[in-house]
Structure formats: C-alpha cells, structure tokens
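**Student:** Predicted model and sequence follow; I will ask about them next.
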Amino acid sequence: MLYTEAQEILQGLARSFGEETVSLENALGRVLTEKIEADRDYPPFNRAAMDGYAFRYEDFQKGIREYKIVETIYAGQEARAQLDEGTCYKIMTGAATPVQADVIARREDAEEKAGNVRIMLQTVKPFQNIAKQGEDILQHAVILDRPALITPPVISLLAAIGKSIIRVARRPVAAIITTGNEVVPVHAPVQPVQIRNSNSALLQSMLAKEGITPLLVDNVPDDKELLKQSFEKAMTADLVIASGGVSAGDADYVPAVLESLGVQKCFHKLQIRPGKPVWCGQAPNKAMVFALPGNPLSCMVTFMLLVRTWLQACYGLPIPAPVPLTLRKARSKKNTLDEFFPVRWVPGTATLETISFNGSGDIRAALQADGIALHPAGKERLEEGEVVGYWGI
C-alpha cells in the first residue's frame, strides 16, 4: 500500500474527541471550534493613521492653508473642541479623529508655529491618512470560522475583540508502549547488547509538539502475555502508539497481540523506506493504534506521515502538505519504494541540504535535520536543483 492510500484511510477514520473551553492565555496551538464574530466595528472609530493635523476637507478646497490649532488629541482621548472654519486639531497616531475632521496632513507636510500650522500640500483627498470606522471589519462580521489553528496572530485578534474564553477541540488521550528485550530506560545501566529507550523519548516529544502528554508510558519485553496486559491498559486511550515488534521476526508479536484484543487492522506494511513494517488498526472503542517500527528514523518518519495526519484530520484541519524545495546535491537510491530522507532547509533559500547517515538505525540520522524529503518510488536519481517535497519535523 502507498503511504498516500494509508493517509486517506486515516482521514476516513478521523473523529472528534469533543470540545472544551480554555483561557486565551492557554489557547496557543489549540484548534478553534467556534465561529468568531466582531463585537463592534474595527476600527471602532475614525482612527488617525499618522501624527499630524486634522482639518476639514471643505476648508482646504476653499484655499485655506493656515489653520489655528484648537486642541491636541492623543490616543485614547476624546476631543472636546469643535472645528470652525480655519481651525484644526493636532493629532497623534491611533487617536480617534472627530467626525468634523476628514483629512489629516502628516507632520512632515506642515509647518507649525505659535499655535498655528501651515499645510504645505498642493492637494489632499477626503479621509487622507484616516482609517475609517468599520473599514477593516463590520460589527457581527465573521472573522474566523471553525476549525482554525490558534496561532500568535489569532491570539492577538481574539484579544482585540475581547475573547478571553475560547472553545477548542479536545485533544486525544494518548498512550505510548515501547517494546524489546534489548531496550532499557535512559537512566539505567546498559549492557553491551542493550540499547537505551530513545523511542519513548522521541514519541513523547513528538506528541508534546502536538500539545499532548501521554497518560501512559510503558516499556514491555518481547513477551506475548506482558504485551497483551500493557495494550489492555492502553486501550482506554484515544490514541495508542507502540514502537518495535512489527516486522517479520520470531519475536515480533505486536500485530498478533493487537488483533487478539479485537483491534481491527487498517493496514500493515507500506511501500516506504524507512518505516515499511508499520501497522495500524482501530480498537473496538474506536481508539486508533499505531505500531511503528523500532528504528529511530523509521519511528519518526511514520509518526510524521501517519499519526500527525490522523490528528490533523480529527481536528478538521488539512493534512500537512509538503513544501516544494530544491535539492542542493543529487542523490540516488536502489530500492523501488517511496524513500524519505533527512534534510535541512538552508536559511534564506528555497533549497535543501541532505544529511548523511548510516541507515534508519543510526541514532544521528536526523540530528542536523529539520525535516524530511521524498525521493519518489519511480525515480532512481534526484538531480541537483530538482524540486522535492519537504515536511518539517
């Protein structure tokens, strides 16, 4: 099966985890689930776009160029004085411009002396240097529709319209299970034939980028009964991610154990490298189960392509699309699979540098990378300057 076909299956299995409310301070990175309307016009008043002098357009049309300053208006201050013929306001950027004044001349376009000002412009236009009330947004207009990822600009907008409590998509409850007789905790002594549990740390950090802290983190040896017990505990979650034990070895028990627990297989093995042995299924309680390969790069790539796709679909967001960028250096491959390889986006350019590594088990494989790129199945060689798809880690 192609990875794109697997992504389509995952989008079809996406589901909501419900909604909850959060404070504006805790809304960053969440997914908005309510329609956001403007509480009033924006700007809410005719706003000065420049420091300068506000006067009547009709006076300027009469040939008046000398004006008496009747008041200085600062931002947040309401004007008290009225304008008569030949008078003006001195006004600051952001201040409310009284409706009588419909032109602002910039300070650099005027000469002020002893409470009077001379306008040096030859022509002006009505509402020059004035942002008119409601020209950005009218009251009750829809500003944001659901679903929408809450980014810093969205936070700023929500604050501007007075939204302090936000309704967002609830995140899934997650569980992580790593497997392998050779795997020991990071803090434990390691024997010559053992490895430290880097995948548990990797998966926790990948979930953290999605704003998810797993409810359960477990490591289980290659034992059918112990695996079954651990997965039974994990099945209370919405999302279960395992690593290791999914290939074709004598001790790769994970697929069989999951199916014995009633997890319905969605797919097993994709035409990708690294990550080909990946297994995915859905439990009777609708929990989505991803059994990822044990090699670190394989684990990361399959999380990015599959777990992230499912999460985005559950929130109603589009799946992460690759960015088209060019390769700085040619590369070749001998396999007939879609191959994903670590790359670094060169700052200030639209180019990618490839990262050298010794296979998906190399713990340094993605060390200098900030993303992965695709070498398509049908191409033996990518040339220098060729456009490839890039996914950020």
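**Tutor:** That came through, no problem.

**Student:** Residue ranges in the chain under the pLDDT threshold?
**Tutor:** 250-251 (pLDDT under 70).

**Student:** Helices along that one, start to end?
**Tutor:** With helices called from DSSP state H, the chain shows them at 3-12, 57-61, 152-160, 198-209, 224-234, 254-260, 296-302, 308-314.

**Student:** Extract the CA atoms of the longest one and return them as PDB.
**Tutor:** Once side chains and other backbone atoms are set aside, the C-alpha atoms of helix 198-209 remain, and they are given as PDB (Å, rounded to 0.1, in the frame of the first residue of the first chain):
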ATOM      1  CA  SER A 198      15.300   6.600  22.800                       C
ATOM      2  CA  ASN A 199      11.900   5.900  21.000                       C
ATOM      3  CA  SER A 200       9.900   6.600  24.200                       C
ATOM      4  CA  ALA A 201      11.600  10.000  24.500                       C
ATOM      5  CA  LEU A 202      11.100  10.600  20.800                       C
ATOM      6  CA  LEU A 203       7.400   9.800  20.800                       C
ATOM      7  CA  GLN A 204       6.800  11.800  23.900                       C
ATOM      8  CA  SER A 205       8.500  14.800  22.300                       C
ATOM      9  CA  MET A 206       6.600  14.300  19.100                       C
ATOM     10  CA  LEU A 207       3.300  14.200  21.000                       C
ATOM     11  CA  ALA A 208       4.400  17.300  23.000                       C
ATOM     12  CA  LYS A 209       4.700  19.200  19.800                       C
END
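
**Student:** one step back: would you mind giving the helices of the chain as CSV with mean neighbour count and distance to G94 added?
**Tutor:** Glycine gets a C-beta too; all of them are placed from N, C-alpha and C. Formatted as CSV, the helices of the chain follow (neighbours: other CB atoms under 10 Å; distance: least, CB to CB, whole Å):
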stretch, mean neighbour count, distance to G94
helix 3-12, 17, 46
helix 57-61, 16, 21
helix 152-160, 14, 13
helix 198-209, 18, 37
helix 224-234, 17, 55
helix 254-260, 19, 60
helix 296-302, 27, 47
helix 308-314, 22, 39
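
**Student:** out of these, nearest to F127?
**Tutor:** Judged by CB to CB, the one of these that comes nearest to F127 is helix 57-61, at 8.2 Å.

**Student:** would JSON lines of the helices of the chain with distance to D362 be doable?
**Tutor:** Putting these into JSON lines (distance: least, CB to CB, whole Å) gives the following:
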{"stretch": "helix 3-12", "distance to D362": "22"}
{"stretch": "helix 57-61", "distance to D362": "71"}
{"stretch": "helix 152-160", "distance to D362": "36"}
{"stretch": "helix 198-209", "distance to D362": "12"}
{"stretch": "helix 224-234", "distance to D362": "27"}
{"stretch": "helix 254-260", "distance to D362": "23"}
{"stretch": "helix 296-302", "distance to D362": "7"}
{"stretch": "helix 308-314", "distance to D362": "22"}
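
**Student:** Which one, of those, ends up nearest to I143?
**Tutor:** Nearest of the helices of the chain (CB to CB): helix 152-160, 6.6 Å.

**Student:** which other helices and strands contact the closest one?
**Tutor:** strand 142-144 (3 or more CB pairs under 8 Å, 6 or more residues apart in numbering; DSSP states H and E).

**Student:** number of nearby residues for the closest residue to L32 other than its chain neighbours?
**Tutor:** Leaving aside its chain neighbours, L32 sits nearest to A148 (4.4 Å; criterion: CB to CB, 6 or more residues apart in numbering). Neighbour count for A148, taken as other CB atoms under 10 Å: 20.

**Student:** ok, A148 - contacts?
**Tutor:** Applying CB atoms under 8 Å, 6 or more residues apart in numbering to A148 gives the contacts 31-32, 154.

**Student:** what number of residues lie near the residue nearest to S164 when sequence neighbours are not counted?
**Tutor:** The shortest distance from S164 to any non-neighbouring residue, by CB to CB, 6+ apart, is to L24 (5.1 Å). For L24, the neighbour count with other CB under 10 Å is 15.

**Student:** With F357 instead?
**Tutor:** 18.

**Student:** Could you do the one 4 residues further on as well?
**Tutor:** Around G361 sit 15 other residues, with neighbours defined as other CB under 10 Å.

**Student:** what do you get for G348?
**Tutor:** Neighbours around G348, by other CB under 10 Å: 6.

**Student:** F340 now?
**Tutor:** 26.

**Student:** distance of it from V307?
**Tutor:** Going from F340 to V307 by CB to CB, to the nearest Å gives 15 Å.

**Student:** what's the answer for V154, then?
**Tutor:** V154 is 24 Å from V307, by CB to CB.

**Student:** Next: L28.
**Tutor:** Distance from L28 to V307, by CB to CB: 21 Å.

**Student:** More neighbours: which of those two?
**Tutor:** V307 (22 against 14).

**Student:** For the closest residue to that one other than its chain neighbours, name its beta-bridge partners.
**Tutor:** Spatial nearest neighbour of V307, chain neighbours left out: F290 (5.4 Å); criterion: CB to CB, 6+ apart. Beta-bridge partners for F290, by DSSP bridges, are I241, C280.

**Student:** What of T21?
**Tutor:** R167.

**Student:** still on that earlier bit, surely the residue nearest to V307 is in contact with Q282?
**Tutor:** No: counting by CB atoms under 8 Å, F290 sits too far from Q282 to count as a contact (10.5 Å).
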